[in-house]
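Participant: predicted structure and sequence below. I'll ask about it afterward.
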Protein chains: 2
Amino acid sequence: MARNTQVTADHNAPPITQILAEYVASHPSRGWSDAVDHEAHRTFLNWLGCTIGAAHHEAAKSALAAAQILQTAPQASLPGRQEKVDMGSAALINGISSHTFDFDDTHLKTIIHPAGPVASAVLALAEHKGLSGRALIDALVLGIDVSCRVGNTMYPEHYDRGWHITGSTGMLGAAAGCARLLGLDVQQTAMALGIAASQPVGMREQFGTMTKPFHPGGAARAGLMSALMASQGFTASPKALEAPRGMIQTISTKYAWNEITDELGQRFEISFNTYKPFACGIVIHPSIDACTQLRAQGVLADQVERIELKVHSLVLELTGKKEPADGLQGKFSVYHGCACGLIFGKAGEDQYADEIVNRPDMVALRRKVEVVVDDSIDEASADVTAFLKDGRKVHVFVEHAIGSLQNPMTDANLESKFHDLSDPVLGAARTTQVIEACWKLGQSPDVRSLTTLSQG
Amino acid sequence: MARNTQVTADHNAPPITQILAEYVASHPSRGWSDAVDHEAHRTFLNWLGCTIGAAHHEAAKSALAAAQILQTAPQASLPGRQEKVDMGSAALINGISSHTFDFDDTHLKTIIHPAGPVASAVLALAEHKGLSGRALIDALVLGIDVSCRVGNTMYPEHYDRGWHITGSTGMLGAAAGCARLLGLDVQQTAMALGIAASQPVGMREQFGTMTKPFHPGGAARAGLMSALMASQGFTASPKALEAPRGMIQTISTKYAWNEITDELGQRFEISFNTYKPFACGIVIHPSIDACTQLRAQGVLADQVERIELKVHSLVLELTGKKEPADGLQGKFSVYHGCACGLIFGKAGEDQYADEIVNRPDMVALRRKVEVVVDDSIDEASADVTAFLKDGRKVHVFVEHAIGSLQNPMTDANLESKFHDLSDPVLGAARTTQVIEACWKLGQSPDVRSLTTLSQG
């Protein structure tokens, strides 16, 4: 028998589905500062490098094999690979690849990884339709704005409850971006957002499995399909986001509606995007950064008697694995992270290979790391002291790690990271061409020049 | 910064993902009574009639148009239509059609419409692979058992919160059914359930729009794709359903784990499936049934001075639309329902056409219906008295409406309903053949004989 009660309900939410639809459909092309536009290019470049880098991982391979069972049409490419698949499958698989190494971007206020769902969807659609780079960048900025604003509305309660917020907001960003690319009007855009609102993807329990990167991929596909369905007349509730039994109130008990409406069209959430310098959770980044600085100051691994690392208790709680057995476990080990910083001066995906995690010098060094919990140190900081065999002490304090908003990756840092990811797949020369094409994407008459260049 | 808190959590849930995977992968074919097997055929027949009946509705048309943008391969058919599409799109579109008229089946304990997600997925897969009717029926029983048991675990809190429980459990049933058809082992089946667990579909705010029937369709597609991905090695958490940040605890605060495990393999939830005799919400059914009984007793509309209908307050709360303006509004009008019962003796989709809702004799009769709220009458009952112009009174009390568990639709009722839905699409002669093929489905060596017959 139908029931008519609800645990909590706000019947006076502003009409945010309509507000966002108007914004996405009518905000002028490049209606933002040069800084925002450059951030969009950085976001896209970083997404593409991650996608190419993981294009041959088991996750991408098995998802592609499943898509091929559907005998898909060759509509859109998979950067770093030769195969083409239909747009929906390309959105899915590229979204998976982009997040497979946990090396993509982070909107720190919500810990959304914003590019995965949005860039994966809009690139597939723009490629198939031969649209301009300008159209793609516009769609990326607006799509990310939608998903991050909805994330701001629900975070942290929604995340604490168990949702992987990247996939449970990303389908809205993907729908928004694709609606924009398709030139949908306000009403159709509202329907696209509404159809997508019924499809949040992903729970945190999946972390550590292929279904984690499936979340941005699934959200990308859902958003793209929602926009295509809306373009063909499919309908949804015009209050699908905000109604008492709409998406937001169903999947969150926090709904700060002003996060949608404040400075809409003036403040762009992509401005607050950050890029991971290290291929692991950001909670370890200050510690790795500190150890790379020890290395830069001339400290060598075999000089070290012990390393004292002072960090907030959360660091140990989330990444306290003392003896990681393989690469995946290494990502949850601040000890391994410190060893990477001191021995390699970096912690890219290569440094999380199983054989690196088990290399004797790495094992020996990480056993010399002693973690001291000190909650007077911010979660985003790290205080490290190397005690050397000759009695010397070398001290480094990192307040804001590289890759944070306060200490962002430079364009050169991003290019270097891209090379690390893409060179083994496309070769260094073509990788350089792809990077160049990304920086100029806003002027490109057809994104297919980039996607052709990115094929593996 | 990652957070590590959760609102509520049960860390001691039984390993239900694994338990369900073992059950789906290893329960013997036809490992149930004849009654259960016959109910599976009734469930399939009813699903197919609804799907054929709505195959040319705008919802199916626009979803098909969107799928065709993907240039899908002709792998599976759409009953009632000529076109073929890939299996994933067939699962989606057939799922949409089956629920478009709100005329499908209901598992009353959870108000899940179980066939939509499961039958839509398993038929598409079985057709493409040329599997037997027996394999399909087995997959249907097991898939529906999985989704309804998970529904039992979470209902009612999960539904009250805003989830359309058909789509938010159906992807598990579809994944289970498809895993069974693909012959996946226990481990792969657990992965299929796990991938699906990240994809619950649908909020109740969408009721009244095309996105409502999208929910079973989206769940069907998600479940089918999850099984295909698992078959290709894609991984998920082996505790994706039950873990503190797994699906069930993320989307419900009620989790009665015993609903999964009690009598598993002995009690089959499909036994409790019911079929709608009337094309509207079941809360109106006792009232319509009572008015059809008035008609059967010889009461004519133009003899009626007034009709007094005594029902539980919930009936008026949910379906109290006094002056519906069109067919959709008519579905939320117990007044229109009573007029259908007395004038037509039925309330199929035809009786919810806009022109019927606005026909003068219908308008006049429904204005003569006076509803008296009486909470001593059960929600599933109705008490109706016709006061005639000649002074006579005719009284009918319906304790359990036709279509309820206590007063089920007979096989003949189901055939008659199927003809009403399918004759306008396939013609009466072919419809009779399709019905015959459905009853014999368990003996069919290849489901394609049925799908070919069902093409429009």
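Facilitator: Sure thing, it's come through.

Participant: how's chain A carved up into domains?
Facilitator: Following the assignment in automatic domain parsing, chain A carries domains at A:16-276+A:438-454, A:282-398.

Participant: rounded mean pLDDT for the last one, please.
Facilitator: If I follow you right, that is domain A:282-398. Here domain A:282-398 scores 95 as its mean pLDDT.

Participant: quick check, it touching chain B?
Facilitator: Yes. Using Cβ under 8 Å from any Cβ of the partner chain, domain A:282-398 reaches chain B at A:282-283, A:314, A:317-318, A:379-380. C-beta: built from backbone N, CA, C; applies to glycine.

Participant: got a markdown table for those residues, with secondary structure and neighbour count too?
Facilitator: Shown next, in a markdown table, are those (DSSP: H, G, I helix; E, B strand; the rest coil; neighbours: other Cβ atoms under 10 Å in any protein chain shown):
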| residue | secondary structure | neighbour count |
| --- | --- | --- |
| A:I282 | helix | 21 |
| A:V283 | helix | 23 |
| A:L314 | helix | 16 |
| A:E317 | helix | 12 |
| A:L318 | helix | 18 |
| A:E379 | coil | 17 |
| A:A380 | coil | 20 |
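
Participant: now those in TSV, with distance to B:V304?
Facilitator: Shown next, in TSV, are the residues of domain A:282-398 next to chain B (distance: Cβ to Cβ, whole Å):
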residue	distance to B:V304
A:I282	72
A:V283	73
A:L314	72
A:E317	72
A:L318	71
A:E379	74
A:A380	76
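
Participant: pick out whichever of the residues you listed sits closest to A:K389.
Facilitator: A:V283 (30.1 Å; Cβ to Cβ).

Participant: middle-most residue in chain A, spatially?
Facilitator: The structure's chain A has its C-alpha centroid closest to A:H113; by Cα atoms, centre = their mean the separation is 2.8 Å.

Participant: hmm, that one is touching A:F101, no?
Facilitator: No. The criterion here is Cβ atoms under 8 Å, and A:H113 misses it with A:F101 at 11.4 Å.

Participant: and A:R366, how far is that from chain B?
Facilitator: Remark: distance between A:R366 and chain B (Cβ to the nearest Cβ, to the nearest Å) = 21 Å.

Participant: repeat for A:T250
Facilitator: A:T250 is 3 Å from chain B, by Cβ to the nearest Cβ.

Participant: A:M87 touches A:A124, doesn't it?
Facilitator: Yes. Counting by Cβ under 8 Å, A:M87 does reach A:A124; the two are 4.4 Å apart.

Participant: more neighbours: which of those two?
Facilitator: Neighbour count, other Cβ atoms under 10 Å in any protein chain shown: between A:M87 and A:A124, A:A124 has more, with 31 against 27.

Participant: who are the packing partners of the strand or helix carrying the more buried one?
Facilitator: Here A:A124 is covered by helix A:115-129, with elements defined by DSSP states H and E. When contacts are defined as 3 or more Cβ pairs under 8 Å, 6 or more residues apart in numbering or on different chains; DSSP states H and E, helix A:115-129 sits against helix A:34-53, strand A:76-77, helix A:87-100, helix A:133-154, helix A:165-182, helix A:211-231, helix A:448-454.

Participant: quick one: residues in contact with the last one.
Facilitator: The set of residues that contact helix A:448-454 without belonging to it, under Cβ atoms under 8 Å, 6 or more residues apart in numbering or on different chains, is A:48, A:52, A:76-77, A:79-80, A:123, A:127, A:130, A:133, A:426, A:430, A:433-434, A:437-438, A:441, A:444.

Participant: same check on the shortest one?
Facilitator: With Cβ under 8 Å, 6+ apart as the test, strand A:76-77 has contacts from A:83-87, A:90-91, A:123-125, A:127-128, A:451-452, A:454-455.

Participant: quick one, strands of the stretch 351-456 of chain A?
Facilitator: A:369-373, A:382-388, A:393-398 (DSSP state E, counting those that start in this stretch).

Participant: can you lay out the ones you listed as TSV showing mean neighbour count?
Facilitator: Putting these into TSV (neighbours: other Cβ atoms under 10 Å in any protein chain shown) gives the following:
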stretch	mean neighbour count
strand A:369-373	17
strand A:382-388	22
strand A:393-398	16
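
Participant: do you know which of those strands lies nearest B:A176?
Facilitator: strand A:369-373 (44.3 Å).

Participant: name the helices or strands packed onto the helix-or-strand element of chain A with minimal mean pLDDT?
Facilitator: Using mean pLDDT, DSSP states H and E, the weakest-scoring helix or strand in chain A turns out to be helix A:327-330, at a mean of 89. Under the contact criterion of 3+ Cβ pairs under 8 Å, 6+ apart, helix A:327-330 touches helix A:354-357.

Participant: what residues does the helix it packs on touch?
Facilitator: Here helix A:354-357 has contacts from A:324-327, A:329-330, A:336, A:340, A:350, A:362, using Cβ under 8 Å, 6+ apart.

Participant: got it, and stretch A:206-217?
Facilitator: Contacts of stretch A:206-217 (Cβ under 8 Å, 6+ apart): A:54, A:58-59, A:62-63, A:91-100, A:102, A:113, A:116-117, A:120, A:164, A:166-168, A:170, A:201-202, A:328, B:194-195, B:198, B:229, B:234-237, B:240.

Participant: quick one: residues contacting the residue nearest to the centre of chain A.
Facilitator: A:99, A:104-107, A:166, A:216 are the contacts of A:H113 under Cβ under 8 Å, 6+ apart.

Participant: which member of the residues you listed is positioned nearest B:A412?
Facilitator: Scanning those for proximity to B:A412, where the rule is Cβ to Cβ, the winner is A:P216, at 51.2 Å.
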